[in-house]
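Asker: let's see this in three dimensions:
(chains A and B)
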Amino acid sequence: MDAIVQHYISENGTLDIDAWREHLDFTFVCFWGLTIIDNSAGSTCLAIEMVPVTGHCTKVPRNVNIEKLRNGYLFPEISVREFKHIQKYPDAKLISLGIGDTTEPIPEVVTSAMSEALRKAIVEMFYRDVGVKDTEVFVSDGAQSDISRLQLLLGSNVTMAVQDPSFPESVGYVAMGLKFIVDDKFQAYIDSSVIIGQTSKFQEETGKYGNIEYMKCGPENNFFPDLSATSRTDVIFFCSPNNPTGYAASREQLKKLVKFARENGSIIIYDSAYAAYITDDSPRSIFEVPGAREVAIEVSSFSKFAGFTGVRLGWTVVPEELLFSNGFPVIKDFDRIVCTCFNGASNIAQAGGLACLSSEGYMAVRAVVEYYKENAKILVDTFTSLGLMVYGGNNAPYVWVHFPGLRSWDVFNEVLEKTHIITVPGRGFGPGGEEYIRVGVFGGREYILEASRRLKKLFD
Amino acid sequence: MSLMQHSASISSSSSAFLGESNIFSRTSKVSLPSNKSGLCKCVSSPPTEKTAYNTKVARNANMAKLQAGYLFPEIARRREAHILKYPDAQVISLGIGDTTEPIPKVITSAMTKRSHALSTLEGYSGYGAEQGDKQLRAAIASTFYGDLGIEEGDIFVSDGAKSDISRLQILFGSNLTMAVQDPSYPAYVDSSVIMGQTGQFQKDVEKYCNIEYMRCTWENGFFPDLSTVSRTDVIFFCSPNNPTGASATREQLMKLVQFAKDNGSIIVYDSAYAMYISDDSPRSIFEIPGAKEVAIETSSLSKFAGFTGVRLGWTVVPKELHFSDGFPVAKDFNRIVCTCFNGASNIAQAGGLACLSPEGLKAMHKVIGFYKENTEIIVDTFNSLGFSVYGGKNAPYVWVHFPGRSSWDVFSEILEKTHLVTTPGSGFGPGGEGFIRVSAFGHRGNVLEASKRFKQLYK
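Answerer: Residues are numbered from 1 along each chain as shown, chains lettered A, B, ... in the order given. Down below sits the predicted model:
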């Protein structure tokens, strides 16, 4: 089988991303066959190796739901632009505040301990005052897997609402043989919903999938959806503190959300992965709100709390009181899913998790969280001093910067071009992210300070 | 503090479902003292007459189709009940196929090293590729598929076969039809039900509608008569087999590949026990010419390296495998892996890499050899008692025939009289009725003791 190599070169040396994108859409390209080469003329050239489809096809039809998925462009696109940028400026010291991956090592005390009753420790540390029982905690290999298992649990006939912005349209899509690291993979609410078959087709004009309720969140509504304008859905995904806006919902707001869910008989899936970053008295768990036990599931993770993005550990709380419309306890079905579709988080990861929740361990991981929070403060101050509207950053490791009237990809490009800093264009998180860029705060202090210096120079 | 007790009118053995953590008490009437503010919530009636709040979210109808608890938690429950009844009994478990011997040091030291490195700036790493560490993928490809034309890029590292099976089901979607061996590992059928590929369970035949059950008995050498098997989109095939221990021959697998090719089907080949093969049975489906166009292979370090708790496995999706419209299956599987998963633990992967070093392979073979000796002891025991015994040669499972008897009855009898936990064959499908699966994982002392007790019971 001979491979064909196609080149995409643009006259002025910038990569013709649109042509590349169109090409990917309409050809059967084996992703592993893609390579990037630099031609002798000096301009960056993207070479795509196409392996023609010959030989046996099975008679097994492709899952139509996966067909509905948009090709993931956000992070591969960023990666391509990063790569091209490096080609163009080989001496530039690129700083990436795009990826949301933790960078600081896991404290020693955590990595050298033995394993014990992790569920009890989770309850003791995070849910002591809100009545969650250890039997309601399901330890997992992280929120991304949990969300997928929750979608399996719920099945294809339920409707979903999501915050907008909240999710990148592309999720961890490894294209073109480029490896990139994203943190938003666990925000795969939409993609997992599409795969399970809860949605209809993606609509180009609106940038949304049919049959999902998008709840707009912006400064105009204090980053909390106008529930009076929100249609009823069976499930409401709610992430607080939020990725990408960094906004943490207030107690009052969450009371409204719980009330809304109760009136509509809906289930909230509450993602509290960033709770450790809360500075003020915003609730750290949905279960701080009375009545939440009958309407909510909470998903959380050690990823951002303890640097466990690679180690893989998280948990989901399903309260006993949460019932389907026929009175059947949700926890029973979730337990069945967990027993059938999963075999537990790695015992070693669990041992590490337990150490994180020991008194010494907890202090140590909190110190790392504080380190990232200080990074956040530096970046918030930087953007604020430049007269920009800045959101987030004080309850989450993300800073959400507003550039009214500008397209987020344009801002992304300009920032990258002029300061060699990678950010994430807000549009990648949903139509509600247009005009914003997300700046991550993970990184060594010196990089954050350097980034700050460059940004000040650019926007002065 | 509110006290709640559910009366589980959900199904007849609901309390069995949750294993050790039995949340749902079956007592229905309890009178509780009110606290001072009178806020005492007492739910003592079935949910339909509820005072409890129901959401308006309909339960997934597929979950309702599932039969009484996944097999192994049910066995665990019975074991726990037995221990309560006989607190002094020395219960020996040859039931759940869980490894017992320690992981060789060369492997655990790699994991320790990796853990400690995570506390250093140079050694720290965050998110890894969802498909797995490149080095590990390459090692898997060369170790298990060296001369079979399977490359690093075809390998997807996972947290084990059970998760992989579900992810494959998500990939396939609800509109595909499945065939399974009968008997077989329960996760294939159960995941198919959850995905919505099946109809209701038919109690009279003990089968779900819309699944093709391929009977495997001693009469057909534990290989299905493919001439009587209807076409399905997907065929799950586990060899060496859990629970029967049967290992398909090269000729049999060639027939299977041809069958899949003729029908345009996809084989999902589970090779989790391949390293237990003693004879020249194929260790991978890809040893069969043409298999790359019709098969996916899933495997695991669980039974090779004692990684049942560490969690590491892999799935091979060849480039040549296409859906009916020509779309490469690997591309969609990659999408699933990226959306529904975030990679196997980096520490487990470090252990996996050590497993595949020359020293690691040697160490694994030693432990596998130990379990195979256990298997011989068990085979000899039942042979000497005059039973018809199957398996045991190429897998750590012994499949013992108790003609005319209900396997749950035999299970209960063995447990009650000898304090030995086995696994009833019917838990693996109707084709398992009349059989008991005895697994060979255990400390040597326990296996020898078990052998004694079997001899006493059945002499």
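
Asker: what about residue 306, how many neighbours?
Answerer: No chain was given, so I picked chain A. 27 (other CB atoms under 10 Å in any protein chain shown). Using the backbone N, CA and C atoms, a C-beta is placed for each residue, glycine as well.

Asker: try chain B instead
Answerer: Neighbours of B:G306 using other CB under 10 Å come to 24.

Asker: do the longest helix seen in chain A and chain B meet at all?
Answerer: Counting residues, the longest helix found in chain A (DSSP state H) is helix A:359-385. No: using CB under 8 Å from any CB of the partner chain, helix A:359-385 stays clear of chain B, coming no nearer than 9.7 Å.

Asker: that helix packs against which elements?
Answerer: Counting contacts by 3 or more CB pairs under 8 Å, 6 or more residues apart in numbering or on different chains; DSSP states H and E, helix A:359-385 is packed against helix A:108-111, helix A:303-306, helix A:347-356, strand A:389-392, strand A:398-402, helix A:445-459.

Asker: buried stuff in it?
Answerer: A:361-362, A:364-366, A:368-369, A:371-373, A:375-380, A:382-383 (16 or more other CB atoms under 10 Å in any protein chain shown).

Asker: measure A:L153 to B:A450 for me?
Answerer: Counting by CB to CB, to the nearest Å, the gap from A:L153 to B:A450 is 38 Å.

Asker: my guess is B:F72 is in a helix, correct?
Answerer: Yes: counting by DSSP: H, G, I helix; E, B strand; the rest coil, B:F72 falls inside a helix.

Asker: what's the closest non-adjacent residue to it?
Answerer: B:I96 (5.2 Å; CB to CB, 6 or more residues apart in numbering or on different chains).

Asker: going by proximity to chain A, name the top residue of the stretch 201-350 of chain B.
Answerer: B:G264 (2.7 Å; CB to the nearest CB).

Asker: how distant is the longest helix of chain A from the center of its chain?
Answerer: 19 Å (CA atoms, centre = their mean, to the nearest Å).

Asker: next, the angle from that helix to helix A:445-459.
Answerer: If you take axes from the mean of the first three to the mean of the last three CA atoms, to 10 degrees, helix A:359-385 sits at 10 degrees to helix A:445-459.

Asker: my guess is B:W399 is in a strand, correct?
Answerer: Yes: assessed by three-state DSSP, B:W399 belongs to a strand.

Asker: and the pLDDT at B:N346?
Answerer: Reading off the confidence values, B:N346 has pLDDT 96.

Asker: how many residues are close by it?
Answerer: 27.

Asker: tell me the contacts of it?
Answerer: By CB atoms under 8 Å, 6 or more residues apart in numbering or on different chains, B:N346 lies in contact with A:310-312, B:114, B:118, B:125, B:128, B:133.

Asker: mind doing that once more with 7 Å?
Answerer: B:N346 sits next to A:310-311, B:114, B:125, B:128 when contact means CB atoms under 7 Å, 6 or more residues apart in numbering or on different chains.

Asker: nearest to A:G210 among the residues you listed?
Answerer: B:G128 (34.0 Å; CB to CB).

Asker: residue ranges with poor pLDDT in the stretch 201-350 of chain A?
Answerer: For the stretch 201-350 of chain A, applying pLDDT under 70 flags the ranges A:201-202, A:204, A:207.

Asker: next, count neighbours for the residue in the stretch 301-450 of chain A that chain B sits nearest to.
Answerer: Closest contact between the stretch 301-450 of chain A and chain B, by CB to the nearest CB, is at A:G327 (2.7 Å). Neighbour count of A:G327, defined by other CB under 10 Å: 18.

Asker: B:A89 touches B:L420, doesn't it?
Answerer: No: if you go by CB atoms under 7 Å, B:A89 and B:L420 don't touch, sitting 10.0 Å apart.

Asker: these two: which has the busier surroundings?
Answerer: Just comparing B:A89 and B:L420: by other CB under 10 Å the higher neighbour count belongs to B:L420, 24 against 13.

Asker: give me the pLDDT for the closest residue to B:T217 other than its chain neighbours.
Answerer: Distance criterion CB to CB, 6+ apart; nearest residue to B:T217, sequence neighbours excluded, is B:G431 at 6.5 Å. At B:G431, the model reports a pLDDT of 96.

Asker: now do the contacts for B:G431.
Answerer: So B:G431 contacts B:182-183, B:215-217 (CB under 7 Å, 6+ apart).

Asker: how much space is there between it and chain A?
Answerer: 20 Å (CB to the nearest CB, to the nearest Å).

Asker: same thing with B:K452?
Answerer: Taken as CB to the nearest CB, the span from B:K452 to chain A is 32 Å.
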